[in-house]
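J.: Sequence plus predicted model, see below.
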Amino acid sequence: METPKIAQKPTTITFIGAGNMARSLIVGLMQDQANVALRVADPDPLQLDAIRKHWPGVLTTTDNHEAMQGADVVVLAVKPQIMREVAEQLVETAQRSRPLFVSIAAGIREQALNNWLGGNLPIVRCMPNTPALVQTGATGLYANAQVSTVQRSLAESILRAVGITLWFEDEGKLDAVTAVSGSGPAYFFLMMEAMQAAAEQLGLRAEDAHLLIMQTALGAARLALESDDLPAELRRKVTSKGGTTEAALNVLTEGGLHGLFAKALQAADSRSRELAAANS
Ligand SMILES: NC(=O)C1=CN([C@@H]2O[C@H](COP(=O)(O)OP(=O)(O)OC[C@H]3O[C@@H](n4cnc5c(N)ncnc54)[C@H](OP(=O)(O)O)[C@@H]3O)[C@@H](O)[C@H]2O)C=CC1
Ligand SMILES: O=C(O)[C@@H]1CCC=N1
């Protein structure tokens, strides 16, 4: 006879804000079939309708306070520029119910957020990325001193349901994480766009170019992840002396690709710090 499973109470997770990043996390979590009950609050009823249509089990509301009632975890997923206004409206509910807050906002420091929410609350700051949508996300996490061991595991299990996680003991490192993996998918998408345009200029049909580029990106990422070789060695293995790859790579290096990436990531890191300074 099959042993009956002990039904565990699902963890209630409330999302404040149902934009691009929150939806990636929500879809990833629903696909993971984790034992969670999701609630989502957003001012846009159309946004909420779209979520309910796909996931009828998700409770949606335009009222942030209602969504927070009895939640174990509250994910703050609004733009950094409006985080203060949103958080200050939640003080009463936050101090009464004291859930674990998880902020995904770029730049906003834990100390500032804690002050806006009334103080002395457990807060995990994290920097996820949109590939969470297909459970291939990468998230950097930082916990303040009020976060218990159980809450730390809880935050980690939520983000691990949609990809890999990495803890940082120094909150300042999250600016670099934002520049590398938070914004990172956009760099690869831009490269795909550029390769697509170039491939079409070479005479390939759009759909053929698209398929070749996507599979090559996937193959390169999987190879780099699974191989014992570092990317530099994998690159060398593609590059025959006097061949086609060498011709292309010369153009990219002479065009200053390394310097461009250094400047681009520096700009993202600086912007994250600026957002922190403007909201401290
Ligand atoms: N996009 C990404 O790849 C990543 C984003 N982040 C972070 O995630 C956060 C959200 O970014 P993103 O998803 O891109 O932005 P979006 O603008 O797509 O999402 C923000 C959502 O918050 C809603 N909102 C506005 N005001 C309120 C309010 N008072 N209460 C509840 N919800 C509200 C917005 O509604 P409306 O549109 O109607 O104003 C919108 O749906 C940011 O802090 C960002 O730094 C972190 C990692 C990656
Ligand atoms: O562009 C942004 O500010 C957010 C944070 C990382 C990705 N998107």
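T.: Right, received. Where do you want to start? Ligands and ions are numbered 1, 2, ... in the order given.
J.: measure Val147 to ligand 2 for me?
T.: Going from Val147 to ligand 2 by Cβ to the nearest ligand atom, to the nearest Å gives 22 Å. C-beta here means a position set from N, CA and C on the backbone, and glycine is covered the same way.
J.: can the lowest-mean-pLDDT helix or strand in the chain be found next to ligand 1?
T.: None of the helices or strands of the chain scores lower by mean pLDDT, DSSP states H and E than helix 20-32, at a mean of 89. Yes. Helix 20-32 lies within reach of ligand 1 by Cβ under 6 Å from any ligand atom, at Asn20, Met21, Ala22.
J.: Could you dump the residues you listed into a markdown table and include distance to Gln151 and neighbour count?
T.: Converted to a markdown table, those look like this (distance: Cβ to Cβ, whole Å; neighbours: other Cβ atoms under 10 Å):
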| residue | distance to Gln151 | neighbour count |
| --- | --- | --- |
| Asn20 | 26 | 10 |
| Met21 | 21 | 23 |
| Ala22 | 20 | 24 |
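J.: these two touch, right, Gln95 and Asn114?
T.: No. Using Cβ atoms under 8 Å, Gln95 is not in contact with Asn114; the gap is 11.3 Å.
J.: Other residues contacting the strand or helix carrying Leu223?
T.: Using DSSP states H and E, Leu223 maps to helix 206-226. Residues outside helix 206-226 that contact it (Cβ atoms under 8 Å, 6 or more residues apart in numbering): Phe188, Met192, Met195, Gln196, Ala199, Glu200, Leu204, Pro231, Leu234.
J.: Narrow those to those that are buried.
T.: Met192, Met195, Gln196, Ala199, Leu204 (16 or more other Cβ atoms under 10 Å).
J.: List the contacts of the second one.
T.: It refers to Met195. Ala209, Ile213.
J.: Tell me, what's the model's pLDDT at it?
T.: Met195 is assigned a pLDDT of 98 by the prediction.
J.: Establish whether whichever strand or helix holds it and ligand 1 are in contact.
T.: Assigning secondary structure by DSSP H and E places Met195 in helix 184-201. No. On the criterion Cβ under 6 Å from any ligand atom, helix 184-201 is out of touch with ligand 1, staying 6.8 Å away.
J.: now that helix, how far from the centre of its chain.
T.: 21 Å (Cα atoms, centre = their mean, to the nearest Å).
J.: Residue numbering should commence at 52 henceforth.
T.: In the new numbering, first residue 52, that becomes helix 235-252.
J.: how about the strands in the chain?
T.: In the chain, the segments counted as strands under DSSP state E are 62-67, 87-92, 110-112, 124-127, 151-154, 174-178, 188-194, 214-218.
J.: export these to JSON lines and tack on mean neighbour count, distance to Ser204 and mean pLDDT?
T.: Below are the strands of the chain laid out as JSON lines (neighbours: other Cβ atoms under 10 Å; distance: least, Cβ to Cβ, whole Å; pLDDT from 0 to 100):
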{"stretch": "strand 62-67", "mean neighbour count": "23", "distance to Ser204": "11", "mean pLDDT": "96"}
{"stretch": "strand 87-92", "mean neighbour count": "22", "distance to Ser204": "14", "mean pLDDT": "95"}
{"stretch": "strand 110-112", "mean neighbour count": "18", "distance to Ser204": "24", "mean pLDDT": "97"}
{"stretch": "strand 124-127", "mean neighbour count": "25", "distance to Ser204": "12", "mean pLDDT": "98"}
{"stretch": "strand 151-154", "mean neighbour count": "26", "distance to Ser204": "11", "mean pLDDT": "98"}
{"stretch": "strand 174-178", "mean neighbour count": "26", "distance to Ser204": "11", "mean pLDDT": "98"}
{"stretch": "strand 188-194", "mean neighbour count": "23", "distance to Ser204": "10", "mean pLDDT": "98"}
{"stretch": "strand 214-218", "mean neighbour count": "16", "distance to Ser204": "11", "mean pLDDT": "97"}
